[in-house]
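> Fold the following.
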Amino acid sequence: MSSSQRITDSDLEQMIGRAAALPDAPDGWISHAVGLFEARTRRDVVGPMQALLNRVVAVLQFDSWAPIPLPAGVRGLPSETRHLLFSMQGRDIDLRITPAADAYAVAGQILGPDDTGVIELSRDADEPALGVGVRSAPLDELGEFRLEGVRRGTYRVTLRVGHDEIELPPIAVGDRPS
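Numbers count the residues shown, from 1 in each chain. I've put the predicted structure just below:
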């Protein structure tokens, strides 16, 4: 039958009858074909999903341990707790580093759109590894997080929130410099 011929209803009925009489493909072939499709689908989806990720570096706006040029009254008294404030496209990240026994607690909150997410804390590439890998904590419904038992050192902080991956500049955790 050429493409220029029209198929009548009776021709179509005969073709369907012949097709229905054909045996199904073996189960192994079907499974293999489905597996190929699923693997390709996963691979094809991962690339575009990564392209949707918006990677941003936050900017330090405030560091409580930075030298204060003018007398600041009570607010100028030294504190063991370090308070940092970072900003980026529509969000602020409030970060506090507090001594806790022989280590430190890193806690904070993301201020901005209410998105779920996670914070990851990892040793800076220039810092010698002391058996500490990447540590992470989920953000709660208010955008707050807390990591306990953080040892002295320089760390990279990455926040994954919605479609954003927010990277903070390296942060030194430890005693206040003299």
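> Identify the bridge partners of the residue most central in space within the chain.
Relative to the mean C-alpha position of the chain, the nearest C-alpha, by Cα atoms, centre = their mean, is the one of R160, at 2.9 Å. With DSSP bridges as the criterion, R160 is bridged to V118, E165.
> Pull up the distance across stretch 64-82, start to finish.
Distance between the two ends of stretch 64-82: 6 Å, counting by Cα to Cα, to the nearest Å.
> all helices for this protein, in order.
Under the criterion DSSP state H, the chain contains helices at 9-21, 27-52.
> Quick one: mean pLDDT over the longest one.
If I follow you right, that is helix 27-52. Confidence over helix 27-52, taken as the mean pLDDT, stands at 61.
> what's the answer for stretch 104-116, then?
Here stretch 104-116 scores 88 as its mean pLDDT.
> Give me the residues contacting that stretch.
The contact list for stretch 104-116, computed with Cβ atoms under 8 Å, 6 or more residues apart in numbering, reads 90-98, 117, 119, 121, 138-139, 141-152, 155, 157, 159, 161-162, 164, 173-174. The way it works is simple: take the backbone N, C-alpha and C, and place the C-beta from them, glycine included.
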